[in-house]
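**Q** pasting the sequence and the predicted model now:
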Amino acid sequence: MTHTIEKIKTQRIKVSEKLVYVLETKKLNIYYDDFRAISEVNMKIERNKVTAIIGPSGCGKSTLLRSFNRMNELVQGSRISGEVLFHGQNLYAPDVDPVEVRHRIGMVFQKPNPFPKSIYENIAWGARVHGFKGNMDELVEYSLRQAALWEEVKDILDHSGLALSGGQQQRLCIARALAVQPEVILMDEPASALDPISTLHIEDLIRELSNHYTILIVTHNMQQAARVSDFTAFFNMNGDRSGYLVEYDNTNQLFTMPKNKLTEDYITGRFG
Amino acid sequence: MNGPSIQKPEIEFTDNIRDRNRYGRLWVYIFRFSTIIGIIALATLLFNIINQSSGYVVYEAKGDPAALTLDGVPIEEQTKDQLMRVLSSHLSKGAYSKLDRTKPFAERSRNDVYDLVVERIVKYEVVDSWLLWDSLTRKDEITAAVEEEYPEALLRFDVWINSDFLRRPQSSNPVIAGVRTAVLGSLWTIGITILFAFPLGVMAAIYLTEYAGDSWANRIIQTNINNLAGVPSIIYGILGLAIFVRALEPLTSGTLFGVTDPTSANGRTILSAGLTLGLLVLPLIIINAQEAIRAVPNSLRHAGYGLGATKWQTVWSHVLPNAIPGILTGTILAISRAIGETAPLVVIGASTVIYFDPEGPFSKFTTLPIQIYQWTSRPQDEFRFLAAAAILVLLALLLTLNAVAVLLRNRYSRRY
Amino acid sequence: MEQIALGYPKSRNGLKRRFRVGENAILALLFISGVFSIFTTIGIVYELGKEALLFFRTPNVDLWSFLSGTQWQPHIDKFGILPLFTSTLITSLFAMLIAAPLGMGAAIYLSEYASEKVRGFLKPILEILAGIPTIVYGYFALTFMTPLLRTIFGRDVVEIYNTASAGLVMGILILPMIASMAEDALSAVPNALREAAYGLGGTKLEVALKVVVPAAISGIAAAFIVGISRAIGETMIVAVAAGAGPNFTFNPFKGAETMTGHIVRISGGDLSYDSIDYNSIFAIGLMLFFVTLTLNLISQQVVRRFREVYE
Ligand SMILES: Nc1ncnc2c1ncn2[C@@H]1O[C@H](COP(=O)(O)OP(=O)(O)OP(=O)(O)O)[C@@H](O)[C@H]1O
Ligand SMILES: [Mg+2]
């Protein structure tokens, strides 16, 4: 099993050896019809690190996150300007296939949303869709182990994914995302619907996964951002309710010595 | 508020609460009555139909059934061979062999031959009849009257809906007429309707809910479907007459496929009927299926897309499996509507009387509702009774379908 | 073990858009299915229009005498639609006389008064009533309603075939439809409105009639319009019970053929193509189509307005 992990790791590193930054936005603006939800965001996401996005509700965190794998274009009337670069390639170039993008940049949602199928099928489906030819049982086990769920479900693989607890469901969704072997995983408040114990589980898991994956996580919970992330980006809304990047730094730095007054107010709870 | 400019006007209320409450109670009765009318109507309708579907009937025989007793066995109890002997001895040789030619005796069952004996030799005729209610409440009166008026006649309590009625083909003689032809016709027609409208309707629904954006073209398609659902069914009959029966005659009569049945060469076939009903229920199926597809939560779609699946992969693996119970329920409801439809089929089918079972999509057709219509339109009472019996068959068929729909709904109702 | 990492097809085209043949073929198929119903409409309009045009082209027929003539007698070249139209009007009127007040009463009862249990019992009954084939109602009109009317009003007053009987039974058919549409409209009225009215000391009846019903009025109006449209297009009840033969009369106890009834009777015989009879049913059909379409469009418009209020 470790051998396999090594294999995957080396393979991935070869792909992006030269680049430290996996994702980069350039003058990114995101609109819903005429409303600009995100304005002029420039940021770089470092490889195999956890980057947290924090900010007040409605400042466009989810919107920004979904623009990284083109999920936002499923919303009627949404559009962007600027660029999102993935290994230097613009994801929004006309010849880029959103389906391919989502294969390489996976997503975990706020509310656990397993398919109403068996646990095994939940994992296997995505792999099959991408033409996986290897040993499916192994892949399922490997993915569930990575998501720290294997021990709990190894005897009930044929049970419905919906029969699990909320926290287990969320880990199943993470395992499902891992099984298609993305490079980046986007997580939108992955623990906000869970109890404290499950939240802890998920946080441990995120730290663990950051050894092999680039992770972007949106969270409302400042402690969580401080605990799990290497970098933190703080967003705020300006007068016209459009979100912009206030401060982006090493998590430690940002939480201990914020450069911006707004950031300081926000992390100390004096915001508003 | 203590400014001098606002002065409190005189306010006086009359104490009317008792009147208002009395009114309230009166109107509850009116509302309740309105609702109960529905129940009364349904009960009356069912009673009326059941009342006509059985009762005392007085038969007079043209021939004398007693004279047909063979070896001391009355015809009711004779075997097939005995009945054939009776038949051959009472019919001319030509008439007998003609019967054999239309359908060889070897292929006919005992009951078929018995029907022949009744039809050709005994020739029972209904001379008088009573409804079920009278038959039960005025039994003695009826027997007395019959003994006096028709001393020769046979008085029998007939249940018009019975196994013979289901088994027998249509006949011009009400005594031996049945609904087999019509039921088979209905089943064939509906089969074609389903084959045509179900896949088309579901695909259209998928397109409209999953793929179509909010463009004006798609809005027109949607509005068009909503309006088609409200077009009177008879208009579909006229359309079917012009398109399927007339314009596409080579296809619907089967000549294109080498079918050379002269009776169906005019395109008034089961195929035309099925397709016409298909057009009729298509908007209903689409609308119902759209509702079922919309009920699938978006989180499932996003889960699929988030894994890098294509639209169709997501729709096929996650949206459809979760929508299918709803789609099936909606389709069954639409199909029940088609089964009961009469007007469009009368328009395309010329309402001819058909005595032979349909053999395929290119046969001439009759259906259960058409059969009911024809029997209802006859002035004689006994045809009304047949119509009542046929209505019970139709209602039973519909009830079964709806029960299946409810079962499906309960069994597969999903939690997400 | 290496299988896992290498399990995915290697020769990936980067992020480049791929042409997915299956995906596009399916999309094409779905699209065709989606627009298919447009062809139905085009077919209806084209066929009805074409044959109706032929009808109006025949000598002795013109649009004016078609719309204003009081005689429909093809054998003497009289094609005035009024007798068919008036009987359609009479049957629809009788139907609405039954269905509108009773349907409304039932809707108010179900939405404002009935307990969950009672509703669970009554609604299926209304659904059953709405699901019974119309030919069965036709039978009911002929074998129950007509004898009933004849007993009440006298055999010499009420003919065996008459429009009143057909119309009344049609009312029973339309009642559940109006009841359920109107109930939907009433239930859509937000509870806050009811509570506000109760808070001012309204009785249950006052809240229902003076607050909830007015708030839902457009939905109720839409239900009535659809009901009328349904009554005009209803065929088998009138074909069985209203009488065979056009008759320009306003007496509901006399037999008179409606537009739909006429189409059914004419096409029930062996109709030869391109005869004036054949063409005439298309002209009547076209008229029927436009009347019902207009009513349906109006009702949709009304409902749309009503939606804007609460969503
Ligand atoms: N589908 C949509 N259509 C139109 N506007 C939207 C849509 N989704 C979000 N918005 C708007 O975009 C802005 C940003 O929304 P977004 O969901 O990204 O915020 P968020 O930071 O994730 O908030 P939260 O912390 O509450 O999840 C908000 O003003 C919201 O109203
Ligand atoms: Mg959010």
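**A** Yep, that arrived. Ligands and ions are numbered 1, 2, ... in the order given.
**Q** give me the below-cutoff pLDDT ranges for chain A.
**A** A:1-19, A:272 (pLDDT under 70).
**Q** give me the residue at the spatial middle of the chain.
**A** As the question left the chain open, I've gone with chain A. residue A:186 (1.4 Å; Cα atoms, centre = their mean).
**Q** hm, I was asking about chain C
**A** residue C:230 (2.2 Å).
**Q** how about the contacts made by the residue nearest to that one when sequence neighbours are not counted?
**A** Using Cβ to Cβ, 6 or more residues apart in numbering or on different chains and skipping residues adjacent in sequence, the residue nearest residue C:230 is residue C:174, 5.7 Å away. From N, CA and C alone the C-beta is placed, and that goes for glycine too. Going by Cβ atoms under 8 Å, 6 or more residues apart in numbering or on different chains, residue C:174 touches C:95-96, C:98-99, C:103, C:227, C:230-231, C:234.
**Q** those: which two are farthest apart?
**A** C:103 and C:234 (15.3 Å; Cβ to Cβ).
**Q** mind listing the strands for the stretch 201-350 of chain B?
**A** For the stretch 201-350 of chain B, no strands are identified by DSSP state E, counting those that start in this stretch.
**Q** enumerate every residue touching the closest residue to chain C within the stretch 51-200 of chain B.
**A** For the stretch 51-200 of chain B and chain C, the shortest gap (Cβ to the nearest Cβ) falls at residue B:200, measuring 5.2 Å. In this structure, residue B:200 makes contact with B:278, B:282, C:33, C:36, judged by Cβ under 8 Å, 6+ apart.
**Q** secondary structure element for it?
**A** If you go by DSSP states H and E, residue B:200 is part of helix B:180-206.
**Q** buried set for that helix?
**A** For helix B:180-206, the neighbour count (16 or more other Cβ atoms under 10 Å in any protein chain shown) marks B:181-190, B:192-194, B:196-198, B:200-206 as buried.
**Q** for it, the averaged confidence score.
**A** On average, the pLDDT along helix B:180-206 is 94.
**Q** centre of the chain versus it, how much separation?
**A** 13 Å (Cα atoms, centre = their mean, to the nearest Å).
**Q** what residues are up against the residue nearest to residue C:37 when sequence neighbours are not counted?
**A** Distances taken as Cβ to Cβ, 6+ apart put residue B:225 closest to residue C:37, at 5.2 Å, once the chain neighbours are dropped. Taking Cβ under 8 Å, 6+ apart as the criterion, residue B:225 is in contact with B:204, B:208, B:283, B:286-287, C:37.
**Q** how close does residue B:225 get to residue B:159?
**A** 45 Å (Cβ to Cβ, to the nearest Å).
**Q** got the contact list for residue B:271?
**A** Counted by Cβ under 8 Å, 6+ apart, residue B:271 has contacts B:192, B:244, B:251-252, B:254, B:361-362.
**Q** which of the contacts of residue B:225 has the most neighbours?
**A** Highest neighbour count within these, by other Cβ atoms under 10 Å in any protein chain shown: residue B:286, with 33 neighbours.
**Q** residue B:123 reaches residue B:63, doesn't it?
**A** Yes - contact criterion Cβ atoms under 8 Å: residue B:123 and residue B:63 qualify, at 5.6 Å.
**Q** for stretch A:64-75, C-alpha coordinates in CSV please.
**A** Extracted in CSV, the C-alpha atoms of stretch A:64-75 (Å, rounded to 0.1, in the frame of the first residue of the first chain):
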residue,chain,number,x,y,z
LEU,A,64,-14.1,32.1,-5.6
LEU,A,65,-13.6,28.5,-4.6
ARG,A,66,-16.0,27.3,-7.2
SER,A,67,-14.3,29.3,-9.9
PHE,A,68,-11.1,27.2,-9.4
ASN,A,69,-12.8,24.1,-11.0
ARG,A,70,-15.4,25.9,-13.1
MET,A,71,-18.3,24.7,-10.9
ASN,A,72,-19.5,28.3,-10.8
GLU,A,73,-20.5,28.2,-14.5
LEU,A,74,-23.3,25.8,-13.6
VAL,A,75,-25.0,28.8,-12.1
